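In: whatever this is, show me its structure:
(chains A and B)
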2 protein chains.
Amino acid sequence: MKNYALLYAQSGGPTSVINASAYGVITEAKKRGIKTYVALNGIEGLLKGSISDIDNESDQEIEKLRYTPASAFGSCRVKLPIHTQDKTQYEKILEIFKKLNIHYFVYNGGNDSMNTCSKIADFMQESGYECYVCGVPKTIDNDLLCTDHCPGYGSAAKFIATACSEIALDTNVYAHGRITVVEIMGRDAGWLTASSALASAYGTGPDLIYLPERPFDIEDFCVKCKNVYMKKHSCLVAVSEGIRDVNGKYICSYATEEKKDMFNNTQLGGVGIYLANLLTQKTGIKTRAIELSLMQRCAAHIASLTDNEEAVLAGRKAVEAVSDGITNKMVTFKRESNSPYKMTCSLSPLCDVAHGTQSMPDEFIGKDCCSVTDKFIAYATPLIMGEVNIKYENGLPVFASLKNKIITF
Amino acid sequence: MKNYALLYAQSGGPTSVINASAYGVITEAKKRGIKTYVALNGIEGLLKGSISDIDNESDQEIEKLRYTPASAFGSCRVKLPIHTQDKTQYEKILEIFKKLNIHYFVYNGGNDSMNTCSKIADFMQESGYECYVCGVPKTIDNDLLCTDHCPGYGSAAKFIATACSEIALDTNVYAHGRITVVEIMGRDAGWLTASSALASAYGTGPDLIYLPERPFDIEDFCVKCKNVYMKKHSCLVAVSEGIRDVNGKYICSYATEEKKDMFNNTQLGGVGIYLANLLTQKTGIKTRAIELSLMQRCAAHIASLTDNEEAVLAGRKAVEAVSDGITNKMVTFKRESNSPYKMTCSLSPLCDVAHGTQSMPDEFIGKDCCSVTDKFIAYATPLIMGEVNIKYENGLPVFASLKNKIITF
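Out: Residues are numbered from 1 along each chain as shown, chains lettered A, B, ... in the order given. A predicted model of the protein is given here:
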């Protein structure tokens, strides 16, 4: 074991279960007798030497970490330069690794973070420093390559489907209702928006679903919404923030452009509110826009137990990999079967993950371009199964509160 | 008992627990051997004769009703004329009551609904028709007179506080964060916005809270937000949709006015997004606006058990009252103590409830006009205690699906 230490850090947008992966990393490392450090605010903190020692945190708080949303160790969106062009930052990292005897590096994040992770692994290998690097996937967007799905997606999907089932009931109560447009995250891939269909599949949910994988036609959208409304006296539509017209132009950019002159291009709501206004203008029907916003990535109180357990597992697997002397990989999931659900963990080269994103396959998207298929429902259902056993105090979920004390070294 | 039948109906905006009150009414009536009808879409449906027989629903669905959000029997926003001026609609109601032997009427709603309820009770009394009328309070706004609190508020408060605690963690993750403005419902009273303070009191939550009970000063708001941001590198603000300037003008109307010419006065987001844009313009700091929107009144998956139980109780009490020959009252709650929490049910005259709304008392609002007091926390905490035991199937909460079959008579 050589008393090698491990460094763990989080990066990119938070999820409801990224800390579950942290919990997996920390407890697995402890089990194996590996000293664990954490870089605060990911690579950004690492470069500044903002490092904390996990031994300074109580076991009790580490236990709570499993069910705590957001990035408990802070996050960043820093990208590293290509190391063959500029070594400065890499050498800074190497210096810290040497000082703290860090030979294991586990980075928890999405696409960009895996790119960073890959670059660090390459640099360490080339510089001859013994360092085993493994990425732990994390993204609500579910758009990482090489893996059946990503930790974070199942919980976001469970929140979205639950919210849509509740909103669908709420918007159905009046004899003369509205058209309600729910805007859902996912700029390049429709996985999150598609998950709203779980509400419809198992109860009440959106009538129409628009994904970025298909060109969006405003006229056709208005006609379809109106038709549903005429039949039901209400209509619930789920739209991805990333829908684009036939020329690939984001629909939300229409909204921004219209308002740019007047408001100096400040934030004015997205595609949901734009389409709701447009629908009212074109059909005369009352509308409402709802943006599910940040809750999609932080509603840990309704996290999926399956997602939570898999996030822990991904953390454990990464520690297992690096301590087995494996490097430059990311933990990936392979689906063995839908029913009963069976998933196995494997490892994929970071370089394969880091380039490109995973869109929804054609077989998951309805031919009418405003629905999903039964195959998608079969794919997504196991990922939202089970409820986490969060403790409540004073009526509220109890979340971890870490010291994150920066060490001197 | 005379085989008198009971008519129940729901009105106004839905809540997470209005159906729990329906469950209380239906099961209590059944226990007492009282035949129960439901008017679909409240008074609007009653006037059209859209009435269903609760015997047509299965016990299983009635059980699920207890945890189902929104108004399972539909809702309306119809106001009745003063009966001394126009009797037509009242006579229509009387005719239906006579036909179906309805002598008990239980109406479940907020302020306007209690007004309707009161008018019907008055008319029945004056027309000499034996009819016992009781209102069941329902509003997330918590602004009904004569009662310590309203069914619906506790669950909305629990959702808001939970959401704010999760959002607070999420928005704290970057070394250089944003100012996040969360817009919360409640046009005339700050109860809902104040509940976000529960997150801060018991963990992490909003740094600043702005209620409609205090005049809102934009300059002071910007300074305070900036000060928090300079200290913490992030700032979370909760604002009520109903905040007004010193002249009583709604801040959200500033937003509407600015945009009226260009966008023909369509919906363009509310006060949250207006203030977020303003903050960016005045301070140069990145901002984000979040509207908690409809989830505040329909997130049954995170309903308060206390609220749910009290909503059932309110329904039962109303049936008890009418079958005891009491009329023209609303069920009200009286708080006996905060800790241990003890509440008793009583009845107040509908005419006392129907006029006016209940704002937050001064003792609940911080002297700095951007916080709440410990007294408010002591008041609100018991109301969000406990979690409902919702059943999940396919990873989603199971909600009632009623037939709502209209009977012919």
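In: let's verify residue A:133: helix, strand, or coil?
Out: Secondary structure, DSSP: H, G, I helix; E, B strand; the rest coil: residue A:133 is strand.
In: on the three-state scheme, residue A:347 is what?
Out: Under three-state DSSP, residue A:347 comes out as strand.
In: would you confirm that it contacts residue A:332?
Out: Yes. When contacts are counted by CB atoms under 8 Å, residue A:347 is listed as touching residue A:332 (6.5 Å). From N, CA and C alone the C-beta is placed, and that goes for glycine too.
In: chain center to the helix or strand harbouring residue A:45: distance?
Out: Element membership of residue A:45 [criterion: DSSP states H and E] is helix A:42-48. With CA atoms, centre = their mean, to the nearest Å as the basis, helix A:42-48 stands 21 Å off its chain's centre.
In: counting contacts, what elements does that helix pack onto?
Out: Applying 3 or more CB pairs under 8 Å, 6 or more residues apart in numbering or on different chains; DSSP states H and E, one finds that helix A:42-48 contacts strand A:5-10, helix A:88-99.
In: which of residue A:347 and residue A:332 has more neighbours?
Out: residue A:332 (24 against 19; other CB atoms under 10 Å in any protein chain shown).
In: one step back: ok, and what's touching the helix holding residue A:45?
Out: For helix A:42-48, contacts defined as CB atoms under 8 Å, 6 or more residues apart in numbering or on different chains pick out A:7, A:9-11, A:39, A:51, A:74-76, A:78, A:80, A:89, A:92-93, A:96, A:107, A:109, A:113, A:116, B:175.
In: once you drop chain neighbours, what's closest to residue A:319?
Out: Distances taken as CB to CB, 6 or more residues apart in numbering or on different chains place residue A:28 nearest to residue A:319, at 4.0 Å, with adjacent residues excluded.
In: you'd agree the one you found is in a helix?
Out: Yes. Under three-state DSSP, residue A:28 falls within a helix.
In: was I right about it contacting residue A:320?
Out: Yes. Here residue A:28 reaches residue A:320: they are 6.8 Å apart, a contact under CB under 8 Å.
In: so between the two, which is more surrounded?
Out: Set side by side, residue A:28 and residue A:320 show more neighbours around residue A:28, with 22 against 16, by other CB under 10 Å.
In: pLDDT (mean, whole number) over the following helix or strand past the helix holding residue A:45?
Out: Downstream of helix A:42-48, the first helix or strand assigned by DSSP H and E is strand A:51-53. For strand A:51-53, the mean pLDDT works out to 98.
In: equivalent analysis for stretch A:219-230, please.
Out: So the average pLDDT for stretch A:219-230 ends up being 98.
In: show me where chain A dips below the pLDDT cut-off.
Out: A:1, A:256-269 (pLDDT under 70).
In: now residue A:177. Nearest residue, chain neighbours left out?
Out: Nearest residue to residue A:177, sequence neighbours excluded (CB to CB, 6+ apart): residue A:234, at 3.2 Å.
In: tell me the spacing between residue A:230 and chain B.
Out: Per CB to the nearest CB, to the nearest Å, residue A:230 is found 18 Å from chain B.
In: phi, psi of that residue?
Out: phi -60, psi -30 (degrees, to the nearest 10).
In: and it, how many residues sit next to it?
Out: 11.
In: do the same with the one 5 residues further on
Out: Residue A:235 is surrounded by 25 other residues when neighbours are defined as other CB under 10 Å.
In: try residue A:101
Out: 12.
In: what is the closest residue to it other than its chain neighbours paired to in the beta sheet?
Out: The shortest distance from residue A:101 to any non-neighbouring residue, by CB to CB, 6+ apart, is to residue A:5 (4.9 Å). For residue A:5, the beta-bridge partners are residue A:102 (DSSP bridges).
In: could you measure from residue A:5 over to chain B?
Out: Distance from residue A:5 to chain B, by CB to the nearest CB: 24 Å.
In: for the residue of the stretch 1-150 of chain A found nearest chain B, give its distance to residue B:238.
Out: Going by CB to the nearest CB, chain B is nearest to residue A:70 of the stretch 1-150 of chain A, at 3.8 Å. From residue A:70 across to residue B:238, the span is 18 Å (CB to CB, to the nearest Å).
In: contacts only, for the residue of the stretch 1-150 of chain A closest to chain B.
Out: A:14, A:18-19, A:298, B:166, B:169-170, B:172-173.
In: sort out which of those are buried, if you could.
Out: Buried members of those, counted by 16 or more other CB atoms under 10 Å in any protein chain shown: A:14, A:18-19, A:298, B:166, B:169-170, B:172-173.
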